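Participant: From the sequence below, what's the structure:
(one chain, ligands or ions: 2)
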Amino acid sequence: MDLKDKIQVYEDFPKDGISFKDINSLILNPRAFQYVIDEMTKVAKALDANLVAIPEARGYIFGTPLAYLIGAGLVPVRKPGKLPGEVSSVAYDLEYGSNIVEIQKNAIKPGDRAIVVDDLLATGGTLMATTRLIEKLGGEIAGIITLIELTELGGRDLLKDYFVHSIVTYPY
Ligand SMILES: O=P(O)(O)OC[C@H]1O[C@H](OP(=O)(O)OP(=O)(O)O)[C@H](O)[C@@H]1O
Ligand SMILES: Nc1ncnc2[nH]cnc12
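Facilitator: Residues are numbered from 1 along each chain as shown. Ligands and ions are numbered 1, 2, ... in the order given. As a prediction, this is how the structure comes out:
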């Protein structure tokens with residue numbers, strides 16, 4: 001299936017110079033959405049994970065059906081101030097800004113194996129911050145799965161210690 005055909009690209013959004021890959025046009029198409037989840041599931045099944053970690057907000061879209069299909073628990077990774085109880089936080093930079101991600105401390109136990117699922121790997125800042133949160137709490141990273149990878153932005157190099165699988169690539 002030609003997925004690029006389904007991903008609408010907006011130039012100069014949300015800032016000048018950013019070529020924004022919009023997954024909303026893809027998930028509107030039921031066959032394309034099913035195809036992506038099926039492809040992610042094939043890869044995820046080999047990773048022997050008991051958890052799927054999902055960065056807010058677009059990671060939720062792909063990580064939730066994937067967790068259901070492989071029989072894993074879900075760990076939301078949220079923007080600051082959204083999670084109750086004790087949380088662990090990491091600040092990070094992403095392609096068009098900077099942010100903080102948080103995870104509930106009781107979400108991860110030593111020995112847990114998590115797959116991190118997101119829509120897009122650009123600089124890798126978001127995914128790296130997520131892996132740090134999980135590892136800080138004693139979890140292991142089973143792998144990282146994204147729909148889109150922007151290959152010239154260096155995310156794969158930053159995440160070189162991990163298995164990283166993406167389905168569609170663009171240079172930037
Ligand atoms: O590899 P990076 O440079 O870190 O960029 C990738 C991240 O940027 C986007 O999230 P964003 O923070 O815009 O949040 P959203 O999902 O809430 O739109 C995207 O969904 C990835 O999580
Ligand atoms: N170029 C891009 N398109 C869509 N989401 C992004 N997140 C970070 N960079 C992005």
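Participant: what does the protein have sitting close to ligand 2?
Facilitator: I18, S19, F20, K21, L94, E95, L120, A122, L150 (C-beta under 6 Å from any ligand atom). Every residue, glycine included, has its C-beta placed from N, CA and C.
Participant: Return the distance of the closest residue in space to the first one that isn't next to it in sequence relative to I148.
Facilitator: Once its chain neighbours are removed from consideration, I18 has its nearest residue in Y96; the separation is 5.3 Å (C-beta to C-beta, 6 or more residues apart in numbering). Shown here: Y96 relative to I148, a distance of 15 Å by C-beta to C-beta, to the nearest Å.
Participant: Now do the helices in this structure.
Facilitator: 24-27, 30-45, 58-70, 125-136, 155-158 (DSSP state H).
Participant: Which neighbouring elements make contact with the longest one?
Facilitator: For helix 30-45, the contact count by 3 or more C-beta pairs under 8 Å, 6 or more residues apart in numbering; DSSP states H and E identifies helix 24-27, helix 58-70, strand 113-121, strand 140-150, strand 164-170 as packing neighbours.
Participant: Among these, which comes closest to E86?
Facilitator: Of all those, strand 113-121 sits nearest to E86, with 18.4 Å by C-beta to C-beta.
Participant: now check the closest one, is it near ligand 1?
Facilitator: Yes: using C-beta under 6 Å from any ligand atom, strand 113-121 comes into contact with ligand 1 via D118, D119, L120, L121.
Participant: From the chain's centroid, how far away is that strand?
Facilitator: Taking C-alpha atoms, centre = their mean, to the nearest Å, the mean C-alpha location of strand 113-121 is offset from the chain mean by 3 Å.
Participant: tell me which residues form a beta bridge with the closest residue to S25 other than its chain neighbours?
Facilitator: Among residues not flanking S25 along the chain, Q8 sits closest, at 4.1 Å (C-beta to C-beta, 6+ apart). Counting by DSSP bridges, Q8 forms beta bridges with D22.
Participant: ok, now which ones touch Q8?
Facilitator: Contacts for Q8 (C-beta atoms under 8 Å, 6 or more residues apart in numbering) come out as D22, N24, S25.
Participant: In terms of pLDDT, where does the second one sit?
Facilitator: Residue-level confidence at N24 comes out at 98, pLDDT.
Participant: ok, it to S166 distance?
Facilitator: Distance from N24 to S166, by C-beta to C-beta: 18 Å.
Participant: Find the nearest non-adjacent residue to the residue nearest the centre of the chain, please.
Facilitator: The structure's the chain has its C-alpha centroid closest to D118; by C-alpha atoms, centre = their mean the separation is 2.0 Å. Nearest residue to D118, sequence neighbours excluded (C-beta to C-beta, 6+ apart): G59, at 4.2 Å.
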